[in-house]
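A.B. asks: quick one: sequence and predicted model below, then my questions.
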Amino acid sequence: MADQNIDKKMSRRRFIRNSSYVAGGLVGGGLIGGLIGSNLSNDNKDESGTKGQQHENTAYQQAPLYFTNPEIFAILVAATDRIFPEDETGPGANDLGVPFFIDHQLAGSWGNNTREYMQGPFFPGSNFQGYQSPLKRHEVFDAGLQAIQKYSNEKFDSNFAELEGEQQDEILTAFQKDEVKIHGVTSKTFFNILRQATIEGVYADPAYGGNINMDGWKMKGFPGHQMSYHGQIESDEFIEIEPNSLHSYTNK
Amino acid sequence: MAETLPKTDVVIVGMGWAGSIIAAELGKEGLKVIGLERGKERGLKDYYVVHDELRYAIRYELMQDLSKETISFRNNMKERALPMRQLGSFLLGEGLGGSGVHWNGQSYRFLPYDFEIKSKTIEKYGEGKIKGLQLQDWGITYDELEPYFGMYEKVAGISGEEAHFGPKRSIPYPTPPMKETPLTKKFKDAAKSLGMNPYHMPSANLSEPYKNTYGATIAGCQYCAFCERFGCEYGAKADPTVAVIPFARETGNVDIRNYSNVTEIIHEGGKATGVRFVDVLTKEEFIQPAEMVVLTSYVMNNSRLLLSSKLGRPYNPDNGSGVIGKNYCYQILPGSTGFFEEEQFNTFMGAGALGATVDDYNGDNFDHSDVDFIHGGSISINQSGSRPIASNPVPSGTPNWGKEFKAQSVKYYTRSLGIGSQGASMPTKNNYMDLDPTYKDAYGLPLLRLTYDFTDQDRNLYNYIGKISDQIMREMGANNVNERSNLESYDIVPYQTTHNTGGVIMGAEPETSAVNNYLQMWDADNVFVVGASAFAHNGGYNPTSTVGALSFRAAEGILKYSKEGGLLA
């Protein structure tokens, strides 16, 4: 089972890498189909370990609700994996489904700033006055991801997703330092939202599409939703607890 | 065309702690009360899936919908104020129970020094000590307010223990302190070895089940760690919807109307005649006539409603005249983050007000002769339960993304501890609230404009208290303590505290205050304005217990006024 997971991850990585070569209409759904397929590997780690339940265990939520263009999605996939990479500490953003988490968030209330004050007039504001762009978050991502691609092509003559990790870091750092012009928003603001959304996708309840299998929580030692620590809170020992998600409220 | 409803004795604007207590107390005495609440009805059954950090703590499920109403902000009068488009620095409440639903429950009484800060400071240190500060006494002493603190604590069931510097109490805490944990013990041991006097944080998450003076049962805390920003699914947090509102309704005299956003206090000849409100679902407009109007709609809205209704004298920072919008204060929050290589802690367990505190550097508990600030702050460890999205502590110098960030934030999630201070905030001439000239809310009314920045008093207090806090953290055995950044300009973005105060301050003279010590408006004797808006400055503690005490005081005043009329003080 473990080996199979590695295989799947490897093939997915290869796929994400490859997808950027073929992006542009040839296999528009290919990227997406591929991601779903590889994510099966995570969800197949059920207790029984039996095969043949793939259909029941399909992570149907690992599909895009906002992004429509695989080339753009590939930028998000690559960027989030540099912000929170897979390494010896544990799974990275892609292993945890973070790009889909962000995709779903952009499709909903957060992406559309529905509970925020978005009336004009708009002015840039000081460093202490907070977000002042007229762009909604999904528009910030549209503009920001495109700007990453453009910058990548100008600087390295290549799409962002195809670059080496250090090159990708160099580009993200330029965005973080506000060195890149984006239409309607600063690159620093875009980067900060992207970074925050990545962390959210790593650690939000799996109900939102990220933190697959609660693996983000397991890595960090956070037990998720527990009814009570009344009997444990006085303990001098560190206590490892199997995590629970919101799923456990309705599915015993 | 607004529909005019039948007249009532009292209309209350906002059903948080203050509104609920006043409704209960007046209903009990037979006054007919209409409580207008712009948000929805909510209670225990609505918190079934509350253990969701993203939804409640990060996306602010229970907080104010800013698309309808926000404030505008600038650091100083030379700047253009811009709207606070997203919640950040403080989290405004909305809905039945107000912020009393999603508070942490830390329940201190302000110090005797706070209520007489101006005269006591001058008496001890001379006039020069308060130069540049727009200080004033509150028009009431701690001893006068003490019984009302007791009334509030018996409603909320506060769990606590006597403190070394704690002011005189006429009743013991209704319930014993919360559990001692390895973290609270570590803090106390360190503070003691430094010669300080730690005690267990007084808590409105209760240590054991408690039946309050209104017959409501508040359950015992489960330490589940989803408290601040969440509603309690156990009913173990003193919350108006648990502790007060059921009783208020049982009196048969209190009618709470949800989705009712008050847009105007209607008044004539120095008396209010009622309020205008909008049903936020249907957009229908109503007029609710009333003998008395009570504003309990938080610091921001108490000021805004008075200003936009043209009731009371607006504060003018240029010449110091007027009172509405005056003395906005916040809090100064130095803290220490310590990293531990050998120990691992159950930081993910906790309760909103599970902690330990020292007051050795709060109020005038220490000599200020040789320091360049007044007052101070409480210093506490608070084990409220770290959650993984918000809690990513890393040693200074660590990048905030990438491989190293990941490794360090994962490692230190359970291997770092924080000490926090709540430093008092002193009023100055240029920190105030008025109406924004440009930006409007969803109903076409001007937003409240906040002009606020930190001062030298704040910076000096911050640096001094921060050093003490670092000392305790090192004594607790931290291998490494993060460097604290300097206190520069106030920034509306990162969360700091929802302890905003002022704008409709209390005092002994109508020239310098908006309400008297019954929270009655000097300029309209049938209007009472209650909440932390009445604080003439902000102290070194959470404000809720003091708001609770003032609410009981105001209820007494309103009853008195309903019988006798006239100015009560």
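C.D. replies: Yep, it's here.
A.B. asks: any idea where the strands of the stretch 151-252 of chain A begin and end?
C.D. replies: Applying DSSP state E, counting those that start in this stretch to the stretch 151-252 of chain A gives strands spanning A:181-182, A:185-186.
A.B. asks: output the ones you listed as a markdown table; include the columns distance to chain B, mean neighbour count and mean pLDDT.
C.D. replies: For the C-beta atoms, the positions are set from N, CA and C on the backbone; glycine is no exception. Output for the strands of the stretch 151-252 of chain A, formatted as a markdown table (distance: least, Cβ to the nearest Cβ, whole Å; neighbours: other Cβ atoms under 10 Å in any protein chain shown; pLDDT from 0 to 100):
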| stretch | distance to chain B | mean neighbour count | mean pLDDT |
| --- | --- | --- | --- |
| strand A:181-182 | 18 | 17 | 96 |
| strand A:185-186 | 13 | 20 | 96 |
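A.B. asks: just the helices in chain B please.
C.D. replies: Using DSSP state H, the helices of chain B run over residues B:17-28, B:112-115, B:117-125, B:142-156, B:182-193, B:240-243, B:245-250, B:298-308, B:403-412, B:456-475, B:544-564.
A.B. asks: which neighbouring elements make contact with the first one?
C.D. replies: When contacts are defined as 3 or more Cβ pairs under 8 Å, 6 or more residues apart in numbering or on different chains; DSSP states H and E, helix B:17-28 sits against strand B:8-13, strand B:33-36, helix B:240-243, helix B:245-250, strand B:254-257, helix B:544-564.
A.B. asks: can you rerun that using 6 Å?
C.D. replies: The contact analysis (3 or more Cβ pairs under 6 Å, 6 or more residues apart in numbering or on different chains; DSSP states H and E) places helix B:17-28 against strand B:8-13, strand B:33-36, helix B:245-250, helix B:544-564.
A.B. asks: the fourth one now?
C.D. replies: With contacts taken as 3+ Cβ pairs under 6 Å, 6+ apart, helix B:142-156 sits against helix B:544-564.
A.B. asks: mean confidence for the helix it packs on?
C.D. replies: Averaging pLDDT along helix B:544-564 gives 98.
A.B. asks: now stretch B:289-304
C.D. replies: 98.
A.B. asks: ok, stretch B:232-251 next?
C.D. replies: 97.
A.B. asks: any idea how far apart the tips of it sit?
C.D. replies: Start-to-end span of stretch B:232-251 (Cα to Cα, to the nearest Å) is 25 Å.
A.B. asks: quick one: contacts of that stretch?
C.D. replies: The contact list for stretch B:232-251 (Cβ atoms under 6 Å, 6 or more residues apart in numbering or on different chains) reads B:17, B:20-21, B:23-24, B:27-28, B:43-44, B:47, B:50, B:96-97, B:100-101, B:105, B:155-157, B:204-206, B:212, B:214, B:216, B:218-222, B:254.
A.B. asks: rewinding a little: out of the helices and strands packed on helix B:17-28, flag the one nearest A:Tyr60.
C.D. replies: Closest approach to A:Tyr60 among those is made by helix B:245-250 (41.8 Å; Cβ to Cβ).
A.B. asks: quick revisit: is it possible to get JSON lines of the helices and strands packed on helix B:17-28 that adds mean neighbour count?
C.D. replies: Output for the helices and strands packed on helix B:17-28, formatted as JSON lines (neighbours: other Cβ atoms under 10 Å in any protein chain shown):
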{"stretch": "strand B:8-13", "mean neighbour count": "24"}
{"stretch": "strand B:33-36", "mean neighbour count": "26"}
{"stretch": "helix B:245-250", "mean neighbour count": "20"}
{"stretch": "helix B:544-564", "mean neighbour count": "22"}
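A.B. asks: fine by me, thanks again.
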